[in-house]
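In: give me coordinates for this.
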Amino acid sequence: MSVGTELLNVPFPEMIKTLGVGVAEAQYELDLVSMKIARLMAGYEPDQEPEDGSPAPPSTPERTMLIPLGDGNQYSLLELGFTPTFYQFVDTLIELKMSISMTRETNFKHSSTTVNASVKGKVGFFSASASMRVSSVSASYSSKYQYSAEGSSLMRTKLVPIPAPAILEERIRAMITASSTPPADN
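Out: I've put the predicted structure just below:
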């Protein structure tokens with residue numbers, strides 16, 4: 001197993017795909033929350049969240065979240081100059097660190113022992129001799145393979161506030177103007 005093979009086993013494309021989908025989903029949720037805040041700042045109560053996942057019944061929005069001022073009129077935060085804040089992911093970074101080490105150690109031992117022995121004997125006219133040679137061989141073989149891989153990853157993203165979309169602000173202001181203008185007498 002080589003280091004290059006090990007690096008190919010890291011699911012980097014999967015990590016990038018997951019990060020991209022995560023950023024897109026987070027951006028969508030941030031936009032939804034900002035829209036709810038814009039609605040509140042325009043003076044409208046938040047829509048009722050359905051509990052069972054079914055769509056909420058349509059309702060006529062009413063401006064009830066207004067702030068009374070000393071002039072006898074009530075104003076929404078948007079009418080007083082506040083604006084909702086939207087956020088956007090602008091910079092995302094994936095940093096992957098890997099440390100792979102492999103060690104292979106092979107030991108081979110060989111030893112041999114040789115013993116020579118000889119015996120001679122003589123009895124009367126008879127003599128005899130014998131010699132013997134004994135060898136012992138000892139061999140051992142060991143192989144040690146060590147592998148370790150360490151890794152760490154870091155994902156960092158930067159979230160910055162951006163101004164509300166101009167079209168959204170125009171529409172909200174038009175809705176406020178339309179709802180605060182008394183109906184014309186016929």
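In: E29 versus the most centrally placed residue in the chain, what's the distance?
Out: With distances taken as CA atoms, centre = their mean, the residue of the chain nearest its centroid is M155 (6.2 Å). For M155, the distance to E29 (CB to CB, to the nearest Å) stands at 18 Å. From N, CA and C alone the C-beta is placed, and that goes for glycine too.
In: coming back round to it: what's the nearest residue to the residue nearest to the centre of the chain if we skip its chain neighbours?
Out: I94 (5.5 Å; CB to CB, 6 or more residues apart in numbering).
In: could you check the pLDDT of that neighbour?
Out: Here, the pLDDT recorded for I94 equals 78.
In: which SS class is it?
Out: When classified by DSSP: H, G, I helix; E, B strand; the rest coil, I94 comes out as strand.
In: what of the one 10 residues further on?
Out: Using three-state DSSP as the criterion, the local structure at R104 reads strand.
In: over to the one 4 residues further on?
Out: Remark: F108 carries the secondary structure label strand [criterion: three-state DSSP].
In: for it, give me its contacts.
Out: Each residue near F108 by CB atoms under 8 Å, 6 or more residues apart in numbering is listed here: A139, S140, Y141, S142.
In: quick one: the second one is in a strand?
Out: It stands for S140. Yes: according to three-state DSSP, S140 belongs to a strand.
In: number of residues surrounding the closest residue to it other than its chain neighbours?
Out: Once flanking residues are discounted, S140 sits nearest to K109: 4.6 Å by CB to CB, 6+ apart. Residues near K109, counting by other CB atoms under 10 Å, number 9.
In: kindly report the same for the one 4 residues further on.
Out: For T113, the tally of surrounding residues (other CB under 10 Å) stands at 9.
In: surely it meets S136?
Out: Yes: with contact defined as CB atoms under 8 Å, T113 and S136 form a contacting pair (4.8 Å).
In: need the three-state assignment for S99.
Out: Three-state assignment for S99 (three-state DSSP): strand.
In: which strand residues bridge it?
Out: Judged by DSSP bridges, the bridge partners of S99 are E150.
In: do you have the strands of this structure handy? List them.
Out: For the chain, applying DSSP state E gives strands covering 67-68, 74-75, 86-123, 126-162.
In: doesn't M41 make contact with L77?
Out: Yes: judged on CB under 8 Å, L77 makes contact with M41 at a distance of 4.1 Å.
In: which secondary element of the chain has the worst mean pLDDT?
Out: Every helix and strand of the chain was ranked by mean pLDDT, DSSP states H and E. The lowest is helix 3-8, at a mean of 59.
In: got any ranges where the protein has weak pLDDT?
Out: Low-confidence segments of the chain (pLDDT under 70): 1-10, 50-51, 53, 55-59, 180-186.
In: relative to K97, how far out is L80?
Out: Separation of L80 from K97 (CB to CB) stands at 50 Å.
In: chain neighbours aside, what residue packs nearest to P165?
Out: Among residues not flanking P165 along the chain, F86 sits closest, at 7.5 Å (CB to CB, 6+ apart).
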